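A.B. asks: Got a predicted model here, sequence first, then my questions.
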Amino acid sequence: SFPGGRRDPADGDAVATALRETREELGVTVAATSVWGQLRTLPDRHGMTVAPIVANLGSLEALTLNPNPDEVEEVFTLPLAHLLREENQGYTHFRTASGYGYTLPVFLNGPHKVWGLTAIITELTLELLVPGRY
């Protein structure tokens, strides 16, 4: 999943929360000027509202990650070209106990499967970055 967490009282807004969480979880300091914007808010499965923030981190090869082992088990990245290949895209169908059904995107990458809210945010980002190709 992406870095994230609850807003602290010291956070001024969703962007400040995202930048702080990225620093705390991945050891990466992102300047506010690198933020491109906020995607539409989404509900999570616990009833919380998630405000995805999109930022340009620059070249991943030049990025030094220092993940917090208390919060991050593993870090991996997926190139945009990989996410755009049809064979790496799919959908998962869910049905609740009450019979309500819904479909969510999923992205495949070897042992890693991007699903749930992370896949929804990835899909929304792809729709903005490469309209017409995704």
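C.D. replies: Okay, I see it.

A.B. asks: Break the chain down into its domains, please.
C.D. replies: 1-75, 76-133 (the TED database).

A.B. asks: could you dump those domains to a markdown table with mean neighbour count and mean pLDDT?
C.D. replies: The way it works is simple: take the backbone N, C-alpha and C, and place the C-beta from them, glycine included. Shown next, in a markdown table, are those (neighbours: other Cβ atoms under 10 Å; pLDDT from 0 to 100):
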| stretch | mean neighbour count | mean pLDDT |
| --- | --- | --- |
| domain 1-75 | 13 | 93 |
| domain 76-133 | 13 | 92 |
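
A.B. asks: where exactly do the helices run in the chain?
C.D. replies: 14-26, 80-84, 116-129 (DSSP state H).

A.B. asks: any chance of the ones you listed in CSV, plus distance to S98?
C.D. replies: Below are the helices of the chain laid out as CSV (distance: least, Cβ to Cβ, whole Å):
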stretch, distance to S98
helix 14-26, 32
helix 80-84, 33
helix 116-129, 20
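
A.B. asks: do you know which of the ones you listed lies nearest N66?
C.D. replies: helix 14-26 (7.0 Å; Cβ to Cβ).

A.B. asks: Now do the closest one: distance to the chain's middle.
C.D. replies: Put simply, helix 14-26 sits 12 Å off its chain's centre (Cα atoms, centre = their mean, to the nearest Å).

A.B. asks: next one: stretch 41-52
C.D. replies: 12 Å.

A.B. asks: now do stretch 80-90
C.D. replies: The answer for stretch 80-90 is 16 Å, by Cα atoms, centre = their mean.

A.B. asks: Contacts for it, please.
C.D. replies: For stretch 80-90, the surrounding residues in contact (Cβ atoms under 8 Å, 6 or more residues apart in numbering) are P105, V106, F107, L108, N109, T122, L126, L129, V130, R133, Y134.
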